[in-house]
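Undergrad: only geometry, no sequence info:
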Ligand code: PHE
């Protein structure tokens, strides 16, 4: 069977940016920035995005496109013993899907809640009692998973690309609208200041500093979908006519703009209504309902907001499932339908346990964390950085810069801007930074 391809580079860009832009931007970024001192976090994040994110993204795309294979076999094609790097990605993608789909379900629930009722009363209690109940969050999680499977079954150009081309521009337009609306609120200036003004009083020791750097690195990896084989897989469906170098700049730029817009959509409003910016993971579910309740057209804005979070979550989840499906299709010769449905059934089942860990199963701990937290921390803190590290070694030293360059330039067709800098970043800076930050986090 002929391997599917993106119908255009624009289609690929929308799908790759769709993978990058997700709950990580709209749900996680504002609260992580909020908990790590706003502006300071932003500066460190920006530096790591340029110095670690962009080069690793380029590496993943190049590895995928050179072999035109799934994440595991693409790494094997470079060095037969290195399939484990892709393997970690496939496992990581599975772990992420288990809990990502649970949050996707929450977003669906909030979206429908605002369609049927004008506001959410006592949002904190509402959130706690919803997430700790048994059947309802599981039902929404299953619906979310079903949407994701349905799209992946339709394939690359006919499913993932089509959906991303519609969802992503809509998402970008709406988030800007909501951000502008938030900034026009009286008292919102404090929020803008909080995001843009670095407040160094937060950093009292080297440990504090490392803590922020670690959170920023984790966020760069997570937000750009790195180390999970996603960009290797998406890159494998890309034509040789595409310019990888410019793609590796556009995707982080787009991702950054959406993350910033999410901050501007959330923070000014949080300040305008005197709420707590470092509320943590409940920020959009517990804090924003207060904001919407006090805003003109709050209900409509709430519907739009949760709809676009939903779009973002879907386009990311499909990229994760595609990592697994493409492996099962290439290697096991499975039909696309089976290759999508079987792993989806498995992640949905484990996701049910993750959902229950907010209520009935809250007593079960894995290495001291709840099931949900374990599923999210293991890929974030362990698999992504280790995967990123080995990816740099694989590309920089084993594949080697000449092969890397040949792929990036499409055999001499495009110029490899910042070639020497990229080589330095991939061979030395990125692996070193990952090792230092990784071990520092354990100490
Ligand atoms: N980048 C996605 C987000 O920000 C999450 C993701 C991680 C998707 C890894 C694919 C691979 O939500």
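TA: Perfect, thanks for sending it. Not measured: the values here are computed from a predicted model. Numbers count the residues shown, from 1 in each chain.
Undergrad: Residue 20 - nearest residue in space that isn't next to it in sequence?
TA: The spatially closest residue to residue 20, leaving aside those adjacent along the chain, is residue 255, at 4.3 Å (CB to CB, 6 or more residues apart in numbering). C-betas here are computed from N, CA, C, even on glycine.
Undergrad: residue contacts, the one you found?
TA: Contact analysis of residue 255 by CB atoms under 8 Å, 6 or more residues apart in numbering lists 17, 20-21, 25, 223-224.
Undergrad: Now do the contacts for the closest residue to residue 280 other than its chain neighbours.
TA: In this structure, residue 280 finds its nearest non-sequential neighbour in residue 31, 5.6 Å apart by CB to CB, 6+ apart. Taking CB under 8 Å, 6+ apart as the criterion, residue 31 is in contact with 278-281, 283-284.
Undergrad: Over to residue 73?
TA: 67, 83, 86, 327, 330-331.
Undergrad: sorry, back to before: need the contacts of residue 31 in CSV (columns: distance to residue 341 and neighbour count).
TA: Listed next are those as CSV, based on distance: CB to CB, whole Å; neighbours: other CB atoms under 10 Å:
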residue, distance to residue 341, neighbour count
278, 41, 14
279, 38, 19
280, 35, 12
281, 30, 14
283, 34, 23
284, 31, 26
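Undergrad: quick check, nearest of these to residue 151?
TA: Nearest to residue 151 out of those is residue 284 (CB to CB; 23.5 Å).
Undergrad: Next one: residue 316 from the ligand, what distance?
TA: From residue 316 across to the ligand, the span is 4 Å (CB to the nearest ligand atom, to the nearest Å).
Undergrad: Ramachandran angles for the residue nearest to residue 280?
TA: phi -80, psi -30 (degrees, to the nearest 10).
Undergrad: how far away is it from the ligand?
TA: On the measure of CB to the nearest ligand atom, residue 31 and the ligand end up 13 Å apart.
Undergrad: tell me which parts of the stretch 201-350 of the chain are close to the ligand?
TA: Applying CB under 6 Å from any ligand atom, we find that the stretch 201-350 of the chain lies next to the ligand at 222-223, 225, 228, 230, 316, 319-320.
Undergrad: Please identify which pair of those lies farthest apart.
TA: The widest separation within those (CB to CB) is 13.7 Å, between 223 and 320.
Undergrad: Which of those two has more residues huddled nearby?
TA: Shown here are residue 223 and residue 320; by other CB atoms under 10 Å, residue 320 has more neighbours (30 against 26).
Undergrad: count of residues packed around the closest residue in space to residue 25 that isn't next to it in sequence?
TA: Sequence neighbours aside, residue 259 is the residue nearest to residue 25 in space, at 4.3 Å (criterion: CB to CB, 6+ apart). Neighbours of residue 259 under the rule other CB under 10 Å: 26.
Undergrad: ok, now residue 307?
TA: When neighbours are defined as other CB under 10 Å, residue 307 has 20 of them.
Undergrad: how much space is there between the residue nearest to residue 25 and residue 60?
TA: 20 Å (CB to CB, to the nearest Å).
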